[in-house]
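Colleague: What would the 3D arrangement of this be:
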Amino acid sequence: MTRPKVLALVLAGGAGGRMEVLTTARAKPALPYAGVYRLIDIALSNIRNSGIADAWIVVQYEAQSIISAVASGRPWDLDRTHGGLQIVPPRQEGIEAEGVWHEGNADAIYQNRELIRAFDPDVLLILSADHIYKLDYNDVIDQHLASGADATLVTTEVPIDQASNHGTVTVGKRGEVTGFAYKPKNPESNVVTTEIFVYTPDVVIETLEKLSSRNRTEDASGSGLEDFGHDLLPELVRTGTVRDFRLPGYWKDVGRPETYFESHMQLLEDYPDLDLDDPAWPIFTLNPQRMPARIHGTARIDHSLVSPGCDIAGTVERSVLSPGVVVERGATVRDAIILQDVTVRTGATVQCAIVDGGAVIDERAEVGQKPEDALPTTEELVLIGGNAMIAKEATIKRGQRIEPNAHVPRAK
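Modeller: Here you go, the predicted model:
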């Protein structure tokens, strides 16, 4: 049986402003995850494991952080002479013109519509690069083609009080999407899109062109399009055929500090819902080679992930440590995510915090406080930017943000 010609577009251009100091110098999909991975590794590994041969990464904000992370697709066997992985920058027309930044994912597809037409895929698979899940995309593609739908939305169920953070979907008895609302204040459904979409290419491009013609004003330079949820999906639900595909298993949108933190804490459970160590569905990444972690006799480690290159002589509890983290004797890291090459010196305490790479927490500094509930909210988490220096005996209170490269002196 001949498989359809699939083009996967991974949307990795978002600035990730909700992640605050953690995305000052990187695109959100380049954020580390689970110690040794990056967020974009999840989508690319699903592409590779699904046997999809052509993947385009649409970049924009801090594009070099994505380009460096994906290494021309080598970890996923996508570095090929023909096809494979390609980087798609913002469009620029003419020598004098400046590049036009995408106003959202619908605008990104619209701006690259001629490239898509030239590729001439049977199926257009659109993916966000900041969600955590495992999925064989062939299952969705096969259902899409068999149903004759214009679009298939991969959905999941979330608690109703979280549904307003997503596009919500109402589904008929036969799997047809009968309604869509984009981040409604008072959601009527707890079924939400996972930002995984399968489109019939000519239908979606023609619909985007129609919407752009309708939305843009005479003096506007852009397309008049934003995200799928603003115009495209409501239009397709109204005029076309849209189907639902319910995602089996774990899914998490980690685009906010509290959900990024929560997803890491879920990995530390005795039997996590998401298995990232499944030989049948491996997660691939680009990682520098490091020695195994060094655990000293004074170390105490409980329910934690400790990456290669770490040097642990202190206490680490319910935390995730990226490669090269040093926790000196007498230091404590508790309920924290510590990114690459951070040093926590003797007597320092870090809890309920996300500390970006290269930061130093000096002797007897105190970072963060225990939250009021089991999991900290975004407002309760401490976020420390890359290469920041927290001086001896300094105190970082609950919810503080420390900018990259900042120096926080000892309190007087």
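Colleague: Which neighbouring elements make contact with the longest helix seen in the chain?
Modeller: Determined from DSSP state H, the single longest helix within the chain is helix 201-215. Packed against helix 201-215 by the contact rule (3 or more Cβ pairs under 8 Å, 6 or more residues apart in numbering; DSSP states H and E) you find helix 105-111, helix 113-119, strand 123-128, helix 232-239. Placement of C-beta: from N, CA and C, glycine included.
Colleague: Return the set of buried residues in that helix.
Modeller: For helix 201-215, the neighbour count (16 or more other Cβ atoms under 10 Å) marks 201, 203-205, 207-208, 211-212 as buried.
Colleague: Lowest-confidence one in the residues you listed?
Modeller: Model confidence across the buried residues of helix 201-215 bottoms out at S212, which has 89.
Colleague: Ignoring the adjacent residues along the chain, who's closest to that one?
Modeller: In space, and not counting its chain neighbours, S212 is closest to S223: 4.5 Å by Cβ to Cβ, 6 or more residues apart in numbering.
Colleague: Now do the helices in the stretch 1-150 of the chain.
Modeller: With DSSP state H, counting those that start in this stretch, the ranges of helices along the stretch 1-150 of the chain come out as 39-49, 63-70, 105-111, 113-119, 137-147.
Colleague: which residues touch I402?
Modeller: Residues counted as contacts of I402 (Cβ atoms under 8 Å, 6 or more residues apart in numbering) are 21, 382-385, 388, 390, 396, 408.
Colleague: hmm, 6 Å instead?
Modeller: Counting by Cβ atoms under 6 Å, 6 or more residues apart in numbering, I402 makes contact with 384-385, 388.
Colleague: Compare those residues and tell me which is most surrounded.
Modeller: I384 (31 neighbours; other Cβ atoms under 10 Å).
Colleague: Is it correct that the residue nearest to S212 is in contact with Y110?
Modeller: Yes. Between S223 and Y110 there is a contact under Cβ atoms under 6 Å: 4.8 Å.
Colleague: Overlap in contacts, these two.
Modeller: S212.
Colleague: so the nearest residue to D362 once chain neighbours are set aside, which of the three states?
Modeller: Using Cβ to Cβ, 6+ apart and skipping residues adjacent in sequence, the residue nearest D362 is K392, 4.5 Å away. Three-state assignment for K392 (DSSP: H, G, I helix; E, B strand; the rest coil): coil.
Colleague: Look up how far G330 lies from L247.
Modeller: Using Cβ to Cβ, to the nearest Å, L247 is found at 45 Å from G330.
Colleague: what's the neighbour count on the residue lying closest to K210 once chain neighbours are set aside?
Modeller: Closest residue to K210 apart from its sequence neighbours, by Cβ to Cβ, 6+ apart: E235 at 7.9 Å. Other residues lying near E235 total 17 when counted by other Cβ under 10 Å.
Colleague: and the closest residue to K185 other than its chain neighbours, what does it touch?
Modeller: Nearest residue to K185, sequence neighbours excluded (Cβ to Cβ, 6+ apart): S164, at 6.1 Å. Shown in contact with S164 (Cβ under 6 Å, 6+ apart): 183-184, 187.
Colleague: same deal with S263?
Modeller: 132, 252, 254.
Colleague: just how off-centre is stretch 400-411 within its chain?
Modeller: Chain-centre distance of stretch 400-411: 26 Å, with Cα atoms, centre = their mean, to the nearest Å.
Colleague: in this structure, which helix or strand is least confident?
Modeller: Of all helical and strand segments in the chain, the minimum by mean pLDDT, DSSP states H and E falls on helix 105-111, at a mean of 90.
Colleague: Need the contact partners of it.
Modeller: By Cβ under 6 Å, 6+ apart, helix 105-111 touches 11, 58, 91, 102, 208, 212, 223, 225, 227-228, 232.
Colleague: okay, now the domains of the chain?
Modeller: 6-267, 294-408 (automatic domain parsing).
Colleague: which stretches of this structure have low pLDDT?
Modeller: Along the chain, segments meeting pLDDT under 70 span 1, 92-100, 217-222, 412.
Colleague: Touching, E317 and I301? I think so.
Modeller: No. Taking contacts as Cβ under 6 Å, E317 lies outside contact range of I301: 7.7 Å.
Colleague: higher neighbour count, the two?
Modeller: The residue with more neighbours, out of E317 and I301, is I301; 19 against 16, by other Cβ under 10 Å.
Colleague: Identify, by residue count, the longest strand of this protein.
Modeller: In the chain, with assignment by DSSP state E, the single longest strand is strand 191-199.
Colleague: Could you name the helices and strands sitting against that strand?
Modeller: The contact analysis (3 or more Cβ pairs under 6 Å, 6 or more residues apart in numbering; DSSP states H and E) places strand 191-199 against strand 123-128, helix 137-147, strand 151-157, strand 167-171.
Colleague: Now tell me what touches it from outside.
Modeller: Residues outside strand 191-199 that contact it (Cβ under 6 Å, 6+ apart): 124-128, 131, 140-141, 144, 151-158, 163, 166-169, 247, 251.
Colleague: repeat that for 8 Å
Modeller: Applying Cβ under 8 Å, 6+ apart, the contact partners of strand 191-199 are 123-128, 131, 133, 135, 137, 140-141, 144, 150-158, 163, 166-171, 228-229, 233, 244-245, 247, 251, 253.
Colleague: Next, the angle from it to strand 167-171.
Modeller: 90 degrees (axes from the mean of the first three to the mean of the last three Cα atoms, to 10 degrees).
Colleague: Only alpha carbons, please: show strand 191-199 as CSV.
Modeller: The C-alpha coordinates for strand 191-199 follow below in CSV (Å, rounded to 0.1, in the frame of the first residue of the first chain):
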residue,chain,number,x,y,z
VAL,A,191,-12.6,18.8,25.2
VAL,A,192,-9.7,20.9,23.9
THR,A,193,-7.4,20.9,20.9
THR,A,194,-3.9,19.6,21.5
GLU,A,195,-2.5,21.9,18.7
ILE,A,196,-2.1,18.8,16.5
PHE,A,197,-3.9,19.3,13.2
VAL,A,198,-4.3,17.4,10.0
TYR,A,199,-5.5,19.4,7.0
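Colleague: residue nearest the centroid of the protein?
Modeller: With distances taken as Cα atoms, centre = their mean, the residue of the chain nearest its centroid is D130 (1.2 Å).
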